[in-house]
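Asker: please work out how this folds:
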Amino acid sequence: MLQLRRSHERGRADHGWLDARHTFSFADYYDPAHMGFRSLRVINEDRVQPAMGFPTHGHRDMEIVTWVLEGALKHEDSMGNGSIIRPGEAQYMSAGRGVLHSEFNASKSELVHLLQIWILPSKAGETPRYGQKDFSSALEKGGLVPVATASGRDGSLAIRQDAELLVARLDGAKELTHTLAPGRHAWLQVARGSLEVNGQKLEQGDALAATNEPKLVLTNAKQAELLLFDLA
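Answerer: Numbering: from 1, shown residues only. Sure thing, here's the model as predicted:
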C-alpha cells in the first residue's frame, strides 16, 4: 500500500528568520493523523535566514540527523562538538539522556536550506554521541547511499534504531530499485526535483509511505534528491 503526503499538505511555520515545513506534527502544528511513521518522528524542512538560527536548547532520547541542501549550518553542543555542515554531509546527534546544542546559519549573506530528521531510539537513557560524514563522492555514483543505519554498514553513521536512511541524487531515465524485506516499511521524501515511485509522480516536498510493498521502483528522475527511510 502506498500513501502520498503532498508538499502543500504539510504544516508551515513562518517566523521571518525561519520558514519551516513540518511533515509530521511539530511545535504549534498538530495533526493527529500525522504524528510520525513507524520510528520516524520528525521531518522538518527549514530555510534559515543569514546569521540566524536556533539558540542553545535541549533534547533527550532522540536520534537526530541533519541533511543540508543549500548553504552551511553551524553546530555547537554540550559534548564539545563544533562544526559546519554543508551539502552532501550528514550530521548525527544521539541526544540520549540529554544534550544541549545550537544551530545557526554559518553565512551572513546566504540562506541555509536543510532537513532535520528525528528518529525515536530503540532504548532510552543512553550516553549522548555525535557523528558527521561527507557522502558527496558516493552520491555522485547515482545509487542509493546508506547515510545512517543501525549497523553503520558501508561507512554510514551508526544510529540507535532499526532504521536506515538512504540518500540518492538522480537525473534521467535510469531505473533504481529498493527491495523491502518482509515486514519492513518505507518513507520516501523528495528534497528537490521530481521522480516517479512505483508509477506515482512526486515533486519537491512530496512524500510517500509504503507498507506491504515488496519494492520501490524509482524512475524518470529530474534533478531529484531524495531521502529513503527503510523502517522496521
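Asker: ok, Ala72 - how many residues close by?
Answerer: With neighbours defined by other C-beta atoms under 10 Å, the count for Ala72 comes to 17. Where C-beta positions appear, they are placed from N, C-alpha and C, glycine not excepted.
Asker: oops, could you answer that again for His178 instead?
Answerer: Other residues close to His178 by other C-beta under 10 Å number 20.
Asker: one more: Ile119?
Answerer: Neighbours of Ile119 using other C-beta under 10 Å come to 25.
Asker: list the beta-bridge partners for the closest residue to it other than its chain neighbours.
Answerer: Distances taken as C-beta to C-beta, 6 or more residues apart in numbering put Glu63 closest to Ile119, at 4.2 Å, once the chain neighbours are dropped. Listed beta-bridge partners, Glu63: Ser94, Ile119 (assigned using DSSP bridges).
Asker: elements contacting the strand ranked longest in the chain?
Answerer: Among the segments of the chain that qualify as a strand by DSSP state E, the longest is strand 215-231. With contacts taken as 3 or more C-beta pairs under 8 Å, 6 or more residues apart in numbering; DSSP states H and E, strand 215-231 sits against strand 40-48, strand 163-172, strand 176-179, strand 185-197.
Asker: what pLDDT, on average, does the longest one get?
Answerer: Think strand 185-197. The average of the pLDDT scores along strand 185-197 is 98.
Asker: for Leu231, give its distance to Ser39.
Answerer: Noted for Leu231: a distance of 6 Å to Ser39, by C-beta to C-beta, to the nearest Å.
Asker: and Gln223, by the same measure?
Answerer: 30 Å.
Asker: with neighbour numbers in mind, choose between these two.
Answerer: Ser39 (19 against 13).
Asker: His185 is in contact with the more buried one, correct?
Answerer: No: here Ser39 does not reach His185: they are 9.6 Å apart, not a contact under C-beta atoms under 8 Å.
Asker: which residues do the two both contact?
Answerer: Contact criterion C-beta atoms under 8 Å, 6 or more residues apart in numbering; residues shared by Ser39 and His185: Leu231, Ala232.
Asker: in this structure Asp230 contacts Thr179, no?
Answerer: No: taking contacts as C-beta under 8 Å, Asp230 lies outside contact range of Thr179: 9.6 Å.
Asker: which of those two has more neighbours?
Answerer: Ranked by neighbour count (other C-beta under 10 Å), Asp230 and Thr179 place Asp230 first, with 24 against 11.
Asker: for the residue lying closest to the more buried one once chain neighbours are set aside, the count of nearby residues, please.
Answerer: Closest residue in space to Asp230, ignoring its immediate chain neighbours: Glu164 at 4.3 Å, by C-beta to C-beta, 6+ apart. Neighbourhood size, Glu164 [other C-beta under 10 Å]: 23.
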